[in-house]
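Enquirer: Need coordinates for the below:
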Amino acid sequence: MEWNTETLQFLSQCFLHTLSPSPEPRRRAENSLSEAADRPNFGLAVLRLVAEPSVDDQIRQSAAVHFKNHLRTRWSPSSHTDSNIPTLTPIPDSEKQQIKILIVPLMLSSSPRIQSQLSEALAVIGKHDFPQSWPTLLPELVSNLRQASDYSSINGILGTANSIFKKFRFQYKTNDLLLDLKYCLDNFAAPLLEIFLKTAALIDSAAGSGGAAATLQPLFESQKLCCRIFYSLNFQELPEFFEDHMKEWMSEFRKYLTTSYPALEEGGEDGLTVVDELRAAVCENISLYMEKNEEEFQGYLNDFALAVWSLLGKVSASSSRDQLTITAIKFLTTVSTSVHHMLFAGEGVIPQICQSIVIPNVRLRDEDEELFEMNYVEFIRRDMEGSDIDTRRRIACELLKGIATNYKEQVTAVVSVQIQNLLASFAANPSANWKDKDCAIYLVVSLATKKAGGSSVSTDLVDVQSFFGSVIVPELQSQDVNGFPMLKAGALKFFTMFRNQISKPVAIALVPDVVRFLGSESNVVHSYAASCIEKLLLVKDDGGKARYTSLDINPFLLVLMTNLFNALKFPESEENSYIMKCIMRVLGVADISREIAGPCIAGLTSVLSEVCKNPKNPIFNHYLFESVAVLVRRACEHDSSLISAFEASLFPSLQMILANDVTEFFPYAFQLLAQLVELNRPPIPPSYMQIFELLLSPDSWKKTANVPALVRLLQAFLQKAPHELNREGRLSQVLGIFNRLVSSPSTDEQGFYVLNTVIENLGYDVIAPYMGHIWAALFTRLQNSRKVKFVKSLVIFMSLFLIKHGSTNLVDSMNAVQPNIFLAILEQFWIPNLKLITGAIELKLTSVASTKLICESPVMLDAAAVKHWGKMLDSIVTLLSRPEQDRVEEEPEVPEIGETVGYAATFVHLYNAGKKEEDPLKEIRDPKEYVVASLATLSARFPGRYPQIISENLDPANQAALLLLCSTYNRPIV
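Expert: So this is what the prediction gives:
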C-alpha cells in the first residue's frame with residue numbers, strides 16, 4: 001500500500017465510518033480495513049495517517065487504536081491447528097523496520113490519548129522483538145529521556161519503558177531472561193535514578209514554594225512510573241546498581257509516605273488520587289524488598305513500618321483510597337510474618353493495630369452496602385468466593401492472621417474482646433448497631449483456619465456451637481426474610497462455612513428456615529441460602545459417607561423445589577448460578593417421585609427456552625443442563641415410564657436449540673439426546689429418527705467442539721437401533737463420519753469410538769463389504785502419523801474386532817487389503833504397543849484378544865510364526881504382570897489444542913449424562929487366569945513345543961512372572 005493522497009483519503013474515510021453510529025457504514029468500513037490489512041505496508045500507512053496533523057483528531061485516534069490491534073494480530077501471528085481458522089498474513093520485515101524507526105518520535109510528539117495507544121503498540125513490538133531484534137530502542141528512549149524537558153514527553157518515555165520492562169515480573173527466571181534484564185539494567189538503571197532524583201527536587205521546590213496542583217500532578221505521575229519500573233527491574237533479584245544506590249531510593253520513598261502535599265491532597269479527587277497512587281507504588285516496592293531482600297533492607301525497616309502505620313491512621317474510609325490502604329496493610333502483613341515480627345511485640349501494639357487499623361477497615365461502608373444491593377454477583381465473588389484479597393475487609397483480617405503466626409494467644413485474646421464488645425453494642429440497640437454484629441460475624445468467619453485437604457474450618461476466637469446458637473440462629477429464625485439483609489447474608493455464610501461442625505439434628509431443624517430465605521428479595525440472601533443448602537448436601541462424615549440423605553430432605557422437598565424455582569423469578573436472578581447449582585445438587589440426592597419430577601421438568605424447560613434466546617452465562621447454563629440430566633437419570637431409575645413424559649417436555653427445547661442454531665448448546669443437547677436414547681427400550685420412537693438423519697449430515701460434524709457429544713449420540717443410536725443402519729445407505733454415512741474423524745489427530749479417538757460401536761453392534765455379514773474401506777483408512781492414517789495415542793486405539797479396535805467376529809475374519813479382512821499385512825501390523829504395532837494399554841476394561845479386552853490370537857488363530861499357530869507367537873506372549877505377560885507406571889512412559893506428545901475462541905469453543909462433559917462403560921467380556925472375570933488356562937490347554941495339545949519357544953522369546957523377568965501365574969492358578973504349560 002503506497003503512501004499517497006488517495007491512501008490518506010481512503011484510510012481517513014474508513015476510520016471516520018468506523019465511528020459511525022449506523023451499523024451499515026461501520027460494517028463496510030471494517031470490511032474494507034480488514035481486506036486492506038493483508039496488503040504490505042498497510043500498518044505503516046495507518047501509522048503515517050496517525051502522524052498527519054491535517055487529519056481530524058478523532059480519526060487519528062481511531063487509527064492509532066486500529067494500528068495497535070493490527071500489530072497485536074500481525075506482528076507475530078500464531079498459526080492455528082484448526083484448518084477452518086485462517087492464519088493471518090504477517091507484517092513484512094521491511095515494513096517492521098520502518099515502523100520501528102517512526103514510532104518512538106511520533107509517540108513523543110503526540111497528544112496524550114494517541115500517545116497512550118502508540119505506547120501500547122510499542123509494547124506489543126517490544127514483547128516480540130526487544131531487545132534482540134530492536135537494539136536501538138533503549139538507547140533511543142534514554143537519549144530522549146535525557147533531552148526532554150516537558151513532562152508529557154518524559155512520562156510518555158517512562159510509560160513505554162514501564163510496559164516493556166513488565167515482562168521481568170511475570171516471566172519465569174531463565175538465563176535468557178536474566179541476560180535481557182542485565183542489558184536493560186546496564187542501559188536504564190542510571191538514567192532512571194537521574195530522572196527520579198531530578199523530579200524529586202522539582203517536587204520539593206514546587207511544594208516548598210506553594211506550587212499549584214497543575215505543576216505537581218505530572219511530576220507525581222512521573223515518580224509513580226519510576227516506582228513501577230523500579231518494581232520490574234528489582235523483581236527477579238536485587239541488582240548491584242540498586243543495592244549501591246539504595247539510600248537515595250529509600251530516602252525519597254520514605255519522604256512520599258511521611259510528607260503531605262496540600263496543593264494536591266486538598267485540591268480535589270484527581271490530586272489526591274495521584275499522590276495515593278505514588279504512595280501505593282512505594283508500598284509495593286518496600287513490600288518487594290521485604291520479601292526478597294530482607295537482609296539489605298533491614299536498616300530501613302523500622303522507619304518504614306512507623307511511616308506506613310502512621311499513614312494508615314490518616315487514610316479515610318473513602319473507596320478512592322482503597323488501593324493505598326490495601327498495599328500499606330500488605331506491607332505490614334509481610335513484616336508480621338518475617339523474622340522482624342518483634343516490631344509487633346511491644347506493649348499495647350496488637351490492641352492498637354486491632355483498634356486503629358483492623359476494625360475500621362472491617363466495618364461495612366456505604367460502598368459495601370451499595371455493592372450488596374446493586375451488583376450482587378460481584379459482592380458474592382468477593383465475599384463468599386475469596387476473590388476479595390484486594391479489599392480492605394479481607395486484607396485487614398490477613399494482617400491479623402499474619403501477626404497471629406507469632407502471637408496467636410495475644411491476637412485471639414484481643415479479637416475475642418473486640419467481638420464481645422461489638423455484640424454488646426448490637427444488643428444495646430439492634431436496629432442502630434446492626435453493623436457491629438456484622439463486623440463480629442465477619443471477623444470470626446475471616447479468621448477461621450481451613451484444615452488441610454478438606455472443606456472443614458476451625459476457630460479459636462469463639463466456641464462455634466455457642467456462637468452459632470446465640471448469634472447466628474436468631475438471625476436464621478427471624479420471620480422477616482427481607483429485614484437487615486446483610487446480617488442474614490452473614491449468618492447464612494457462617495452456617496455454610498462451619499457446616500461440618502454444626503451437628504446434624506441442629507442443622508436439619510434449621511434447613512426449613514434456610515429454605516424460607518430463598519424467598520428473600522435480596523439477591524445475595526437467596527443466593528447464600530441456595531449455596532448453604534447445596535454445600536450441606538456435600539458434607540461427608542468420617543469414612544466418606546454423606547451426612548444428609550434423601551430421607552433428610554424428602555419432608556420439605558416440594559417446598560424447597562418450589563422456592564428454588566420461584567427464586568429464579570426475582571429481578572437479576574433469572575440466571576443465578578448458585579440457585580441452579582442447588583437445584584442440581586438437590587435433584588442428585590432426593591427421591592424423585594412423579595409428583596416432584598413433573599414440576600421440576602416444567603421449571604427447567606421453561607428456563608431453558610428463555611436462555612436459548614440469548615445464552616450469556618456459561619456457568620448457569622452448565623448447571624441447568626446438569627440439572628436436566630440428573631433429573632432424567634434419577635427419575636427414570638425409579639420409574640422408567642417417565643421417559644415419554646420427559647421426551648414430551650424436552651423435545652421442543654432441544655429442537656429449538658438445533659433449529660435456531662444455538663451452537664453454544666449443541667454439545668449439551670446431543671448429550672441429553674444420547675441419554676434419552678439410552679434410556680429407551682427398542683424400538684426407538686420415530687421422533688428420534690429425524691435427529692438421526694441430522695446426525696448423519698456431514699455439516700453437523702464441522703465444529704470440533706460438537707464431536708464428542710455427537711459421537712456419544714451416534715453410539716447411543718448404534719446400540720439401540722442397529723437394524724436402522726442397514727436402511728437407506730446409513731451405514732456408509734456412519735463410516736464416512738468415522739473416516740473424517742480418524743483422519744485428524746484432534747478427533748481420531750472419537751473416530752475409533754464410532755468404529756468400535758459399529759463393530760460391537762452389527763453382524764459380520766453386514767460390515768464385511770465395508771471392511772476394505774475401513775482398513776484402508778486406518779492404514780493410510782498409520783502411514784502419515786504413528787502417534788502412540790492412535791496406535792493404542794488401533795490395538796483396542798483390532799482386539800474388539802477379534803472378540804466379536806473371530807481371528808479368521810480379522811486376519812483375512814486385513815490381508816485382503818494387502819497380502820500379509822496382518823503380520824506386518826502385528827510385528828510393528830500390536831506387539832510393541834500392547835504393554836502401553838491402560839484402563840481395566842481395555843486391559844482385559846486386549847490381553848484376552850491377544851491370547852485368543854496366539855491360542856486359536858491358524859496364522860499364529862503356524863510354525864513360520866514362532867517368533868511372532870513368542871514376542872506376542874512376552875507383551876501379554878508385560879501387560880498383565882507389571883504395574884502401569886513401570887510399563888507406560890509419559891507420552892512426549894504435544895496435546896492437540898482444539899479451537900478456543902468464544903463462548904462455545906470447547907466441549908463440556910455433562911457428568912450426570914455420562915455414558916456407562918460397557919465391558920464386552922463380562923463373562924471373563926480374571927484375564928490372568930484366562931491367559932494361563934488358554935496356554936495350558938494349547939500346550940496340552942502340543943506337549944514340549946511351547947516351553948522352548950517361551951524360553952527363547954520371553955524376557956527372563958517375564959518368564960518368571962509367567963511361571964508364577966501358572967503356579968498361582970495351577971495351570972502348567974507342558
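Enquirer: Quick check, residue 653 in contact with residue 611.
Expert: No. Judged on CB atoms under 8 Å, residue 653 makes no contact with residue 611 at a distance of 9.8 Å. The way it works is simple: take the backbone N, C-alpha and C, and place the C-beta from them, glycine included.
Enquirer: Other residues contacting stretch 600-613?
Expert: Applying CB atoms under 8 Å, 6 or more residues apart in numbering, the set of residues contacting stretch 600-613 from outside is 561, 565, 568, 574-575, 580, 583, 587, 592, 617, 620-621, 624, 627-628, 631, 645-646, 649-650, 652-653, 656-657, 660, 662, 665.
Enquirer: So residue 875 is in contact with residue 834, correct?
Expert: Yes. With contacts counted by CB under 8 Å, residue 875 reaches residue 834, the gap being 4.1 Å.
Enquirer: Quickly list what's touching both of these two.
Expert: Common neighbours of residue 875 and residue 834 (CB under 8 Å, 6+ apart) are residue 850.
Enquirer: Quick check: the gap between residue 287 and residue 9.
Expert: 54 Å (CB to CB, to the nearest Å).
Enquirer: In terms of packing, which of these two has more residues around it?
Expert: Neighbours were counted for residue 287 and for residue 9 using other CB atoms under 10 Å; residue 287 has more, 21 against 10.
Enquirer: Helix or strand: which one has the more buried one?
Expert: Using DSSP states H and E, residue 287 falls within helix 269-292.
Enquirer: then that helix to PDB, C-alphas only?
Expert: Output of helix 269-292 as PDB, limited to C-alpha atoms (Å, rounded to 0.1, in the frame of the first residue of the first chain):
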ATOM      1  CA  GLU A 269     -10.200  13.900  43.800                       C
ATOM      2  CA  ASP A 270      -7.600  13.800  41.000                       C
ATOM      3  CA  GLY A 271      -4.900  15.400  43.100                       C
ATOM      4  CA  LEU A 272      -5.400  13.000  46.000                       C
ATOM      5  CA  THR A 273      -5.500  10.000  43.600                       C
ATOM      6  CA  VAL A 274      -2.200  10.800  42.000                       C
ATOM      7  CA  VAL A 275      -0.500  11.100  45.500                       C
ATOM      8  CA  ASP A 276      -2.100   7.900  46.700                       C
ATOM      9  CA  GLU A 277      -1.000   6.100  43.600                       C
ATOM     10  CA  LEU A 278       2.600   7.100  44.200                       C
ATOM     11  CA  ARG A 279       2.400   6.100  47.800                       C
ATOM     12  CA  ALA A 280       0.800   2.700  46.900                       C
ATOM     13  CA  ALA A 281       3.600   2.100  44.400                       C
ATOM     14  CA  VAL A 282       6.200   2.900  47.100                       C
ATOM     15  CA  CYS A 283       4.400   0.400  49.400                       C
ATOM     16  CA  GLU A 284       4.600  -2.300  46.700                       C
ATOM     17  CA  ASN A 285       8.400  -1.600  46.300                       C
ATOM     18  CA  ILE A 286       9.200  -1.800  50.000                       C
ATOM     19  CA  SER A 287       7.000  -5.000  50.300                       C
ATOM     20  CA  LEU A 288       9.100  -6.500  47.400                       C
ATOM     21  CA  TYR A 289      12.300  -5.600  49.300                       C
ATOM     22  CA  MET A 290      10.900  -7.000  52.500                       C
ATOM     23  CA  GLU A 291      10.000 -10.300  50.800                       C
ATOM     24  CA  LYS A 292      13.100 -10.700  48.600                       C
END
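Enquirer: helices and strands around it, which ones?
Expert: The elements that helix 269-292 packs onto, with contact taken as 3 or more CB pairs under 8 Å, 6 or more residues apart in numbering; DSSP states H and E, are helix 213-234, helix 246-258, helix 262-265, helix 294-314, helix 322-336.
Enquirer: Kindly recompute the last result at 6 Å.
Expert: helix 213-234, helix 246-258, helix 262-265, helix 322-336 (3 or more CB pairs under 6 Å, 6 or more residues apart in numbering; DSSP states H and E).
Enquirer: In this structure, where is pLDDT below threshold?
Expert: By pLDDT under 70, the weakly predicted segments of the chain are 79-86, 386-389, 451-455, 887-907.
Enquirer: all strands of this structure, in order?
Expert: Per DSSP state E, the chain carries strands over the ranges 449-450, 457-458.
Enquirer: Just say which of those is most tucked in.
Expert: Most buried of the strands of the chain by mean neighbour count (mean count of other CB atoms under 10 Å) is strand 457-458; its value is a mean of 14.
Enquirer: what distance separates it from the centre of its chain?
Expert: Averaging C-alpha positions (CA atoms, centre = their mean, to the nearest Å) puts strand 457-458 27 Å from its chain's average.
Enquirer: partner strands of it, parallel or antiparallel?
Expert: strand 449-450 (antiparallel) (DSSP bridges).
Enquirer: what does the strand it pairs with rub up against?
Expert: 457, 458 (CB atoms under 6 Å, 6 or more residues apart in numbering).
Enquirer: now it, how far from the chain's geometric center?
Expert: Taking CA atoms, centre = their mean, one finds strand 449-450 lying 24 Å from the centre of the chain it belongs to.
Enquirer: Same question for stretch 119-130.
Expert: Worked out by CA atoms, centre = their mean, stretch 119-130 lies 27 Å from the chain centre.
Enquirer: Please apply the same query to stretch 262-280.
Expert: For stretch 262-280, the distance to the chain centre is 38 Å (CA atoms, centre = their mean).
Enquirer: do the same with stretch 178-187
Expert: Mean-position distance between stretch 178-187 and its chain equals 34 Å (CA atoms, centre = their mean).
Enquirer: Could you do stretch 827-846 as well?
Expert: With CA atoms, centre = their mean, you get 33 Å for stretch 827-846.
Enquirer: now what about it, what contacts it?
Expert: 791-792, 795-796, 799, 871-872, 875, 878-879, 884, 887-888, 917, 919, 921, 927.
Enquirer: Now, those that are in helices?
Expert: 791-792, 795-796, 799, 871-872, 875, 878-879, 884, 887, 927 (DSSP state H).
Enquirer: and those residues as a markdown table, adding distance to residue 743 and neighbour count?
Expert: Shown next, in a markdown table, are the ones in helices among the contacts of stretch 827-846 (distance: CB to CB, whole Å; neighbours: other CB atoms under 10 Å):
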| residue | distance to residue 743 | neighbour count |
| --- | --- | --- |
| 791 | 16 | 19 |
| 792 | 18 | 23 |
| 795 | 19 | 24 |
| 796 | 18 | 19 |
| 799 | 22 | 27 |
| 871 | 30 | 19 |
| 872 | 29 | 22 |
| 875 | 28 | 24 |
| 878 | 31 | 19 |
| 879 | 29 | 21 |
| 884 | 30 | 13 |
| 887 | 30 | 16 |
| 927 | 33 | 19 |
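Enquirer: Which of the residues you listed sits closest to residue 489?
Expert: residue 884 (48.3 Å; CB to CB).
Enquirer: Now do the same contact list for that closest one.
Expert: Contacts of residue 884 by CB under 6 Å, 6+ apart are residue 838.
Enquirer: now it: how far from residue 499?
Expert: In terms of CB to CB, residue 884 sits 38 Å off from residue 499.
Enquirer: Would you mark the buried spots in stretch 866-875?
Expert: For stretch 866-875, a neighbour-count test (16 or more other CB atoms under 10 Å) marks 866, 868, 869, 870, 871, 872, 873, 874, 875 as buried.
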